[in-house]
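Novice: Return atomic coordinates for the entry below.
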Amino acid sequence: LKEVMTNSVKEARQKKELTQVQLAEQVNVSRQTIISIETNRYIPSVELSLKLAKALGKKVEDLFALD
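Specialist: So this is what the prediction gives:
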């Protein structure tokens, strides 16, 4: 039984009315990285997860979950 990491980054970003580019600039990564995170192709580091949570006004555990 393999656990899968899921996230609600896209939903949180849209709620804050940020584009992928704007969020990428706030956390100092490329737009492609944001796309990869939102589509669950890339699991961000702890540091990036914390930056995303701060930028989106969420707790890390509210953005990321193991299913």
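Novice: residues in contact with the closest residue to residue 30 other than its chain neighbours?
Specialist: Of all residues not flanking residue 30 in the chain, residue 24 sits nearest, at 5.9 Å (Cβ to Cβ, 6 or more residues apart in numbering). For glycine as for every other residue, the C-beta is placed from the backbone atoms N, C-alpha and C. By Cβ atoms under 8 Å, 6 or more residues apart in numbering, the contact set of residue 24 is 30, 31, 33, 34.
Novice: now swap in residue 7 and tell me
Specialist: Counting by Cβ under 8 Å, 6+ apart, residue 7 has contacts 37, 38, 40, 63, 64, 65.
Novice: again, 6 Å this time
Specialist: For residue 7, the contact set (Cβ atoms under 6 Å, 6 or more residues apart in numbering) comprises 63, 64.
Novice: now the one 5 residues further on
Specialist: Under the criterion of Cβ under 6 Å, 6+ apart, the neighbours of residue 12 are 56, 58.
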